[in-house]
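In: Sequence first, then the predicted structure:
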Amino acid sequence: MWRLTWPMLLIMVLNFFVGFTDIYVAGLISRDVQAAIGYVSQLYFLFIILGNAISIGTVALVSRAFGALDFEKVSAYVKHSLIFGLMVSLILMIIGLLFHEPIIKIAGFPLQIRTIAETFFVIFSFALGSNYLLIISSGIFRASAEVMKPLIVMSMFCIINIVLDFALVFGWGPLPALGYKGIGYSTAIAATVSMVVSLLFFFTGRWRKLLRGSWGIENRTIIQIIKLGWPAGLLQVAWNAGSIILYHILSRLGSESITALASITNGLRIEAIIFMPAFAMNMTASVLVGQNLGAGKPQRAARLGWKIAFTAMITLSLLSCIIFIGADFFASLLARDPAVLKETARYLRVSMLSEPFMALSLVLGGALQGAGDTKGNMWVIIFCMWVIRLPLAFVLAIPLGFGALGVWMAMVVSMMFQGFLMTVRFYRGRWKTLKIDGLTTGEQK
């Protein structure tokens, strides 16, 4: 468990520094840029969702096939997921470039940051293909327990992105000072270079032999990837659409709106310190559960799921205490405006109350995805977002007049329900008897 988790944890740390640096540099420019990049990140993630969905379906299939030592299926899944991901990303890139203005308008961006948001969205759209192949290839390597390859790639992405954030925004040496546009270009360049390196790994070691032969498309394999991936895709669409609505609720707070938007952008980046070990354990649970089910050991898969979940709860509880106590200090790392600093600190203190429940949700949700129970994971999270979080956030923030605090409170309540319901789903154990493409999950006979 630890051998798989520590490289994934470092990947999460590197992801944190990338997001942190983007927001930090944006804050050096203005709070408008800081608010815009946070809002655009939520919107852009809707375009990344299908890549994540393909990756989740592929991880479930590839980890199960590796556990069963069925390398012919491993080869087929890898080839089809890479081709399918590239095709989808190109279609979405064209949509993003042609319709960026109405997309930004429909998303409800405040007028004063709309132009900045459109610029970021166009730049990010150009990098869709690179992001898709990077996400899918990293998922493939994780599923095969080759976690050092994604770590190497993410290290490169982190270094390039952070250096170029400063170099392109402020102009270092011969590089031009592009202002806020440099934040977008740094991400696009880092994603492209890292994607090339990730794909080169498929020409080394056992992958060179596994990926020989035809790269033709078979409908049956694509359908299998879609069958496992669509619930994850729908889940992420629902989650991010809900997050955009949450941002829209904050944008309706009048004079407080920009402060609230900048505060949640800062808060989520700082909260990523908490997310890092949870997401690392999420990916570990997904791979280990999938591989053990492929090997015909469902009871061992269940034991590992619970152990990882309880480890995550303890870890996140300790980290949340540190951030709760030092909320003002952590907020000051990103916020310069006094009002944004105060609201960011309040967001952090409220949000820390939900972290143990978030740990349960993430880890057990990852275990369910690794088992192929992507539908169960989907329904739990969609219910908590759309039936609990959004209605409660609206009522508390606007009719009852709690403002941004009402939104923060609704987020905590919904996460508590999400952790509880995910625990119930995993405990019932129906995922142990699922079959994926003929690979059984039952005990070996």
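Out: Received the coordinates, thanks. Numbering: from 1, shown residues only.
In: alpha carbons only for contacts and neighbour counts from here, please
Out: Will do.
In: all helices of the stretch 251-400 of the chain, in order?
Out: 257-294, 298-325, 327-332, 338-351, 355-370, 374-383, 390-397 (DSSP state H, counting those that start in this stretch).
In: TSV please, covering those and showing mean neighbour count, mean pLDDT and distance to residue 9.
Out: Shown next, in TSV, are the helices of the stretch 251-400 of the chain (neighbours: other Cα atoms under 10 Å; pLDDT from 0 to 100; distance: least, Cα to Cα, whole Å):
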stretch	mean neighbour count	mean pLDDT	distance to residue 9
helix 257-294	26	83	5
helix 298-325	19	92	12
helix 327-332	20	90	20
helix 338-351	21	92	21
helix 355-370	29	90	13
helix 374-383	21	87	22
helix 390-397	20	94	31
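In: Now render those as TSV, adding distance to residue 124.
Out: Shown next, in TSV, are the helices of the stretch 251-400 of the chain (distance: least, Cα to Cα, whole Å):
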stretch	distance to residue 124
helix 257-294	18
helix 298-325	31
helix 327-332	27
helix 338-351	26
helix 355-370	27
helix 374-383	27
helix 390-397	27
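In: Out of those, which is closest to residue 155?
Out: helix 257-294 (15.1 Å; Cα to Cα).
In: for the closest one, packing partners?
Out: Other elements packing on helix 257-294 under the criterion 3 or more Cα pairs under 8 Å, 6 or more residues apart in numbering; DSSP states H and E are helix 2-29, helix 31-67, helix 128-143, helix 219-251, helix 298-325, helix 327-332, helix 338-351, helix 355-370.
In: following the third one, which helix or strand shows up next?
Out: Spelled out, that is helix 128-143. helix 148-170 (DSSP states H and E).
In: what's the angle from that following helix to helix 128-143?
Out: 150 degrees (axes from the mean of the first three to the mean of the last three Cα atoms, to 10 degrees).
In: Please spell out which residues along helix 148-170 are buried.
Out: Neighbour-count burial for helix 148-170, with 16 or more other Cα atoms under 10 Å as criterion, is recorded at 148-151, 153-158, 160-162, 164-170.
In: Can you check which of the helices of the stretch 251-400 of the chain gets nearest to residue 18?
Out: helix 257-294 (9.7 Å).
In: chain center to that closest one, what's the gap?
Out: 7 Å (Cα atoms, centre = their mean, to the nearest Å).
In: tell me the angle that helix makes with helix 128-143.
Out: Going by the same axes, to 10 degrees, helix 257-294 makes 40 degrees with helix 128-143.
In: follow-up on the earlier one: looking at the helices and strands packed on helix 257-294, which is nearest to residue 186?
Out: It's helix 2-29; of these, that one is closest to residue 186 (Cα to Cα) at 9.3 Å.
In: just to revisit the earlier point, got CSV for the helices and strands packed on helix 257-294, with distance to residue 401 too?
Out: Shown next, in CSV, are the helices and strands packed on helix 257-294 (distance: least, Cα to Cα, whole Å):
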stretch, distance to residue 401
helix 2-29, 28
helix 31-67, 22
helix 128-143, 40
helix 219-251, 12
helix 298-325, 25
helix 327-332, 24
helix 338-351, 16
helix 355-370, 26
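In: closest to residue 282 out of those?
Out: Comparing the helices and strands packed on helix 257-294 by Cα to Cα, helix 355-370 comes nearest, at 4.3 Å.
In: residues making contact with the closest one?
Out: 56, 59-60, 63, 274, 278-279, 281-283, 285-290, 305-306, 308-310, 312-314, 316-317, 320, 374, 376-377, 415-420, 422-423, 426, 431 (Cα atoms under 8 Å, 6 or more residues apart in numbering).
In: now the angle from that helix to helix 219-251?
Out: 160 degrees.
In: start the count at 144, not 1, going forward
Out: Right, with 144 as the first residue, what we last looked at is helix 498-513.
In: Next, the angle from helix 498-513 to helix 441-468.
Out: Going by the same axes, to 10 degrees, helix 498-513 makes 150 degrees with helix 441-468.
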